[in-house]
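Novice: pasting the structure only:
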C-alpha cells in the first residue's frame, strides 16, 4: 500500500539501534526544530491562512480541542466568528450537566490533592442525550460551524443524534485510533468505512502518529486525521504509559501518508492532516504547518481566554479515568479575550497571543503565501535547550543569567 | 558463542569514537525513548501480563527489589497476594536483627549528615542464620512464593539454609556478576554451573548489562538474569565508580542474548530477562518490557507503599559500605497502600500508582495482548528533555512555565 | 550560481529526516561548539584584530547593534573612539524625539505588564527627518565613522537624507531580507543592485542565514551582509514565529557564500560577513570569527555600559510592533564604562568585559595572528550543557553543586 | 609523523559540518560517558593503581594541581605520604609571600564583587627566588617527591633554581603549550628539546588537547604531558575565550599519540598522559583512566581537604590576570582530612571521598587489575543529563523529584 516514493524515503532514514536486535529511529519535537527563511519575503497581507476540512472552508487553521476546560457552546460559536473551529466534547461535562456553573466551580476550587478524585466523581454522571442536541443547536443558531467529538465506541450511538441536531463535522477521537480494535466482549469494532459512508457529514478521526495507520485511516474515507499522541501540556501519557511520539516527526510521517493517498486517489477531496497537541505558542503552530499539517488543534493556549469555561485551569480528558488517570490539571491563568489570542493585537511578546498574526508574519518572513507553500519551507534541527537563545532565556527566568 | 544473527546485528550498529583509537557506541536510557502505537488496539481486559520465572508463574511481571527499605516478610507476602514477587535480602537488616522497629526508626530518624555513619554501624552486626529461616517461613505460611537474595560469595553458605527453610527462588546478586571472578585469597569462585545444578530451586543471577556476559550467565543454567548496573534512584555508582549502562540498551542487548541462547538450546525452559532499577513510573515498566524484558524489579516506586518498612525513605544496598558508600538515602514519602500502587485505582496522574493497570493500558493502546507481543512494539528515540512534553512540565514544576 | 566546491561540501553533509518526506539537517549554536588550540601559540601583542567594511578600516571587529537601548549619538561616537562602530537606528526613538530623557525614563520605569503597551505608544510618534540629520552630524563632529540603519522599505526615503548629513555606512536591515520581496500594494521592491550602485556610500544589508540568500545579496554589490535571525537575547522570534537558525551554522554557510563570491569576482573588494546577535560573552565573539565572520554586531553586552541610553534595560526592535510584539525587555544592569567592556581591564571573570582583550587572548592561544587566520581554526561540537564545565557551573549558580 | 594506524582511525571518525565549508567532529566530556562492566570481576585487593612518571613510581595516580588554593609545602608533603604527588606553583602566592596567613585570609574574606580586584593586587608582588628554594626544601625534608610548576617563559629562569633546591619533577605549564610560540619581543621561544635534555630532572609539559601537539611535545623528550584545556571547575576559559575541549576526547586523542610515539621509539621510557582538570568525583578519575590517562591532576576535590590552604575556597590560576581574569573563585567548603579524601573511609556517598578506593572498586567491578587494563575497558556514550540517573537526582536536589 506504500508507494515507491515513500519507500525510497524510508530507506534514506538512518536506522539506529536501542541495542542488539532492537531497531529504532530518532523522532523530533517542536522544541528541537526551527524554520529557515530563504531569499524571498512577502507582505503579510498577502498571506492566506485559510484551510478546508471536508469541503468546509475556514479563515484560519486553528481548532479548539474538544476539552472541557476550553470548549462550551459559547466558546465554539466565538471560535467560528473568529474564523476557526471549536469542537465540543460529547462525552464530557457539557453533556452530563445542564447547569454547569457549579461543575467548573468545583474543578477550579479543589486543591491539588483532591483534584483527581473530584474529577472522577464529576465524570460518573451519565451523558444525557437531550443535552447533545441542546449544545449543538446553541452553536448552530450563531451561524458557526458545529463540530463535536465522540469516542469510537460511542460513535454509532451519539453520531446520528449529533447529525440530527445539525452537527457539521464529527470528530471520532480516542488516545489512539487504528483501523482495527479487538474487543473483550466480542462487540464488533466500529467499521469506519461504513460509518464515514453513512453518517452524512464529514468525519475526522484520530489520533494516530505513524505512516501506516494514517494511510489506513485515510483509506476509510475520512475528511481528516488527528495527529498526536502524548504531546499535550495536560497529558501525562508518556510517564504513565511510556507512549508518545514527538510532534514534528509524527506530522511529517502522516503528511507523507496523505501525499501517497492523493497520488493513488487522484481527484479525491484532499483529507486534512490536523496536528493535535503540544503547541503552546504561535511558533509551534508555524512549525506544525511547516512539517506538513493543514490545521492545528490546540488546548492550553485557548484555555487562557476570558471566554474559556475552565476559569484559568486546563485539564486532559484522560484525567477523570476511575482507575488510571493520565492527564493533569494545570493552572494557565486567564489573560485576554479569545479574539486577542486568536487575531491580536498581542499585549505580550511571548507568542501566546495573536496566533493568526504570528502565523501570517512567519509566512511573510518565510516567503510563503499559502499554507501549502508553508509546508514546503526548510526546517532544521536546532534543539532549543542546546542552542543559544533558550538556555540564556531560561537562565534569565531562573534569575541566574550568565552573570 | 555469538550466533551469526547477533553478529550481523552488531555490524549494523554505528561505531563511534570517543577520540582516536577509542571506539564506543551510544546507549539509551528510559527517558530517551518512547513507545509508538500502531494500527491495532485491544481492550485492556484482553491483555495478559503474566510472566514465568523458573517455571513459576506470576500474575504480573513486577518484582520488589531485595532492598531493606522495601521488602520484609510481610511486604513479600503482600506482593505475592497481589500477583507479583517480593525478594528478601538475606544480608540486610532483616537477618541481622530480630526486632527491627528501632533499626528502621534510627535510619528514618537520623539527619542527612549522619546517615551514612548510622548505616555503616547498623550493618556491622552479623547475619543470624536462624533469622534466615524465620523470615522465609513467615513468607511461606501466607502461601506466597518465597524468594531471597544473597551475594555470590555467600551463596554456598546461605543458599542451602534458604532452600531448607522453603525458599522457592534464589537470587544471587551483586553490583556486577560475571562468569569469572578473581579472588585475592585464592578462595575458589562460585561455580555457577554446579551451583544452579545442585541447589534444587531456580536461581536468578545478576547484575549484568552486556550481551556476552548475559549469554555466559544463561549458559550456566540459571532461571533468569538481572539486567541493570547503576540506574537506580538510590544508586550513585555512576558518580562514585564511573560505571553504569543506560537501561534501554542494556535490556535490548541482554534480551538478544536470551534469543540466541534459545536458538541454540531449543526446547529449554525460557530464562527470564529481569530489568532491575531505574524504573520510577508505570511508563518506565512499559518501556523495559518493550525493550525485551520479561519482568521488572523495582525499588523506589514500592518504597512509597504504606506496607514498606522504610517509613518513607529508600536507600541503596551499597550504602552501608564501611569504606566506600555508593548508594544514597532518598525521601520518597508514604502515599497509599501497596495494592493501590500495584493494581490501582490510582489517585494521582503521574504514573506512580496502578502500575499493572498502566502496563495493561499501554499494551491495549499498542495492540499487544501478551508481554511477548509488547516486546515487539516499535520504540523511538525521543529524549524527553529535548522534546516538548517534559521541558514544559519541568518548567511548570519549577514555577517558570513558558511565560 | 553555486560553485562546484560548495556543492561538493553540501554533498558531504549528512542529510537527516524530520520524518518521511521531510529532509533536514542539524544546525549548531555557539553554546554547542568550542575552539581547539593547536601546536602554535603567539604573544597577544602580535594579534591584529582590525577589520574592514566597505573599505573603511576599524581597529576591532565589534559593532554596536542599531538598538535604542544601546546606541545614541554619544554612544556611537564613543564606539568610534574605542576602535569599533556604533550603528544608530533611524527608525527608533532617536529620530522620533528630540528630547529623549523622558522617553528612556518611561521605558525603564514601567513595570513588566505595561511594558509592551508603553513601547507601542512611544513608537507611534512619527520619525522627524531633521532629527536624522541632527543625530548623524552629532556623531560626525567627534570624528567617528557614522553608520545608521533603515528598514528596506524606508531605504530610498531616509538613505539619501543620511548620506546628505554625512553618513559613512548605511545598514539596510529587517528581520529577514532576501533578494525578492512581494508587496501587497504593488509598490516596487527595493532594487538593491540599483540602490547600492547609486547611494554613494557602502551599504550593509541583512539579515540572512542561508548560503543561497547570502550569495544573492553579495551579488548586489553590498559591502557586507548581516548574518543572524532569532538568536538575540532580547529576541523572541523563535517562540513567536518558529523561525531562527543557530549562529554557528548560519555564519559558516554565509561565509562559504562569500568565498564563492570572491572566487567568481576576483579582485573585488571583499564583502564583510557580520555576525549579528546571540553573542553574550567574549567567547561567543571568538566563536563567531572562528566560524567565518569578519565582524560581530552585539547588543546586550554593550547595553550594560554606563554610556548606554537604556538605563540598564535592553529591548528588541521588534518589541514595539502594534499587533505582534516579538522582542522582550530584559534587565541587564549597568556595570562599567564602555571602554572597560570593549578594551578592559576586566573587573569580572565571566567574559562580559574586555571583549577585545578576550579576542586577542583567544587568538594568541590558538596561534592566530589575524582574523583571517582565526577563521581557519579548528572547531568542535561540544554542547556545553552536556559536557563537564557548564553543568557544574550552572549547578553551582543554582546553589546545588554536586554535593 | 602520524603513524598509519592512527590515520586509519582518523578516517573512521565521522566528519561532521558546522555549516558549508566548516568541518568539525563531536567531542565528549566525562558527563557524557560511562564505563561498561564485562564478564570478569576481581577482588579490589588485587587492583594495582600505581603509576610512574619519569621513572619515579607513585602508589596512586592522583596529582594535586599546582593551584594556590590546593598546594603548599605541607600539602605536597602530605600528598606524598598518601602515595600521590602535590605540585607547587612557583609563580603563585607561595613564592611571593613568606608569611601566607594574611594572604589566604584576604582571599577567603573578600566578597564576590571585590574578589577579582583583591587577587589582581595580591599577585602583583614579585616572586622571591629564595622562597622557591625554601618551599622545595620544606617538601624534600619530609621525604616526599618534590614537584613544582613554572610557565614556559620562566622555565629557564626558575627551573635551575628548583633543581638546585632538590626538585624531583618540573612541570612546565600554561593554558596551552605547543611546540612553537611566536613572541612579540623577538625573545627566543623555550626550546623544549634542549631544555628537557639539560635540566637534569624529568619534565612534564602542558597543557595540550590534540593528537598532533601531543605527539610533537612527546618528541621533545618530556616525561609526560598534561591534557586538558578549559574543563576545570574554576576555569572560565570557555566563556571568556571560546576555547575548551571536552576531556574524554582530549585524553583519548593524546593517549593515541603516546601509543604512536612508543611504536616509533621502541624501548623508550613510556611518557605519562596526565588528565588535568574537570574531575570532580571518583567516577571522573575512573573515566579519565579508561579513556587512556596514566594519571590525573585534580584541584577542586582536594581543595575541600582540611589541609588545603584555600580555607574552603578554590580559584583558577588565570584569575589574577590584570587585564582579563578568566578563572573564578568557588566555595567548595572544608570537609574531611586529605587522607580520607584520598584513601577513605568515605563518610559520604557522592564520590568526593576515598578516591583511590573508588578507583580500585571500579577496576574490581570492571575486572581490571592494572591501570593499563583499565585503559582498555569499554566506554559508552550515555549523556547523564539525558539518561535516567542524573535527571532524577538533579530533580531531587532541586526539590522537585518526579512526583
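Specialist: Cool, got the structure. In this text, all values refer to a predicted model and were calculated from it rather than measured experimentally. Residues are numbered from 1 along each chain as shown, chains lettered A, B, ... in the order given.

Novice: Next, give phi and psi for the residue nearest the centre of chain A.
Specialist: Nearest residue to the geometric centre of chain A (CA atoms, centre = their mean): residue A:276, 2.1 Å. Backbone torsions of residue A:276, given as degrees, to the nearest 10, read phi -130, psi 100.

Novice: now residue A:181
Specialist: Dihedral angles for residue A:181 - degrees, to the nearest 10 - are phi -130, psi 130.

Novice: Same check on residue A:380?
Specialist: In terms of degrees, to the nearest 10, the main-chain angles of residue A:380 are phi -120, psi 160.

Novice: go on, residue A:19?
Specialist: Phi and psi for residue A:19, reported as degrees, to the nearest 10, are phi -160, psi -170.

Novice: Under the pLDDT cut-off, which ranges of the stretch 251-400 of chain A? List them.
Specialist: Scanning the stretch 251-400 of chain A for pLDDT under 70 picks out the ranges A:319, A:386-400.

Novice: what's the burial count for the residue in the stretch 201-350 of chain A positioned nearest to chain C?
Specialist: Going by CB to the nearest CB, chain C is nearest to residue A:252 of the stretch 201-350 of chain A, at 2.6 Å. In short, each C-beta sits where N, CA and C put it, glycine included. As a burial measure, residue A:252 scores 29 neighbours (other CB atoms under 10 Å in any protein chain shown).

Novice: what helix or strand does it sit in?
Specialist: In the assignment (DSSP states H and E), residue A:252 maps to helix A:247-264.

Novice: ok, residue A:172 - contacts?
Specialist: A:149-152, A:155, A:159, A:190, A:192, A:195, A:203-206 (CB atoms under 8 Å, 6 or more residues apart in numbering or on different chains).

Novice: Am I right that residue A:205 sits in a strand?
Specialist: Yes: using DSSP: H, G, I helix; E, B strand; the rest coil, the assignment for residue A:205 is a strand.

Novice: in terms of contact, does it touch residue A:193 like I think?
Specialist: No: using CB atoms under 8 Å, residue A:205 is not in contact with residue A:193, being 11.4 Å away.

Novice: hmm, back to that, spatially nearest residue to the residue of the stretch 201-350 of chain A closest to chain C (excluding sequence neighbours)?
Specialist: Distance criterion CB to CB, 6 or more residues apart in numbering or on different chains; nearest residue to residue A:252, sequence neighbours excluded, is residue C:19 at 2.6 Å.

Novice: which other helices and strands contact the helix holding residue A:252?
Specialist: Secondary-structure packing of helix A:247-264 (3 or more CB pairs under 8 Å, 6 or more residues apart in numbering or on different chains; DSSP states H and E): helix A:4-12, helix A:211-218, strand A:224-227, strand A:272-276, helix A:282-290, strand C:16-19, strand C:22-24.

Novice: Next up, the contacts around the residue nearest to the centre of chain A.
Specialist: Per CB under 8 Å, 6+ apart, neighbours of residue A:276: A:65, A:206-207, A:226-228, A:296-297.

Novice: Tell me the predicted confidence for residue A:187.
Specialist: Here the pLDDT value assigned to residue A:187 is 67.

Novice: How far away from the center of its chain is stretch A:201-215?
Specialist: Its chain's C-alpha centre and that of stretch A:201-215 lie 12 Å apart, by CA atoms, centre = their mean, to the nearest Å.

Novice: From one end of it to the other, what's the distance?
Specialist: By CA to CA, to the nearest Å, the extent of stretch A:201-215 from end to end equals 21 Å.

Novice: With stretch A:299-313 instead?
Specialist: Stretch A:299-313 end-to-end distance (CA to CA) = 11 Å.

Novice: That stretch near chain C at all?
Specialist: No: Stretch A:299-313 is not in contact with chain C by CB under 8 Å from any CB of the partner chain; minimum separation 11.9 Å.

Novice: quick one: buried residues of that stretch?
Specialist: Within stretch A:299-313, the residues scored as buried using 16 or more other CB atoms under 10 Å in any protein chain shown are A:299-305, A:307-310, A:312-313.

Novice: what's the answer for stretch A:53-72, then?
Specialist: Judged by neighbour count using 16+ other CB under 10 Å, the buried positions of stretch A:53-72 are A:53-54, A:58, A:60-72.
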